[in-house]
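# any chance you can model this:
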Amino acid sequence: QVQLLESGGGLVQPGGSLRLSCAHSTRTFGSFHMAWFRQAPGKEREFVSAVNWSGGSRYYADSVKGRFTISRDNAKNVVYLQMNSLKPEDTAVYYCAAAWTREGLTTMEPNEADYWGRGTQVTVSS
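Numbers count the residues shown, from 1 in each chain. The predicted model follows:
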């Protein structure tokens with residue numbers, strides 16, 4: 001059974017940085033398309049970023065392009081989200097998601113995820 005465990009959230013001032021990590025529990029990590037989503041209070045869960053199985057293709061929501069970077073380490077079964085120049089509107093619970101690699105998968109819709117983590121809170125405030 002695949003389990004995803006996020007870490008790295010916290011409180012940061014506007015303009016600051018955080019790095020989120022998501023640990024995948026099985027050796028099948030390299031078969032998964034990985035993504036980050038976020039959900040702010042009263043809002044729907046939204047796509048943030050995704051990376052294909054090899055790490056060679058990366059996708060971003062317009063709202064985070066140029067500020068966030070997704071990466072993965074298939075030897076360690078971990079996907080990262082480096083978040084720079086954080087803004088108050090980035091405040092949300094951030095979720096890691098995994099989808100079995102399949103043709104045509106680039107960004108990811110919530111209903112395309114096969115597994116979810118429990119989330120980590122990111123708060124951007126002065």
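
# now residue 31. Nearest residue, chain neighbours left out?
residue 101 (5.7 Å; Cβ to Cβ, 6 or more residues apart in numbering). (C-beta placed from N, C-alpha, C; glycine too.)

# that neighbour: neighbour count?
14 (other Cβ atoms under 10 Å).

# which residues touch it?
Each residue near residue 101 by Cβ atoms under 8 Å, 6 or more residues apart in numbering is listed here: 31, 32, 33, 52, 53.

# contacting residues for the last one?
In this structure, residue 53 makes contact with 30, 31, 32, 33, 101, judged by Cβ under 8 Å, 6+ apart.

# what about it, which SS state?
Residue 53 falls in the coil class when you classify it by DSSP: H, G, I helix; E, B strand; the rest coil.

# and it, how far from residue 78?
Plainly put, residue 53 is 14 Å away from residue 78 if you go by Cβ to Cβ, to the nearest Å.

# now do residue 116
16 Å.

# ok, now residue 60?
In terms of Cβ to Cβ, residue 60 sits 19 Å off from residue 78.

# residues contacting the closest residue to residue 107 other than its chain neighbours?
Spatial nearest neighbour of residue 107, chain neighbours left out: residue 59 (4.7 Å); criterion: Cβ to Cβ, 6+ apart. Contacts for residue 59 (Cβ under 8 Å, 6+ apart) come out as 49, 50, 51, 106, 107.
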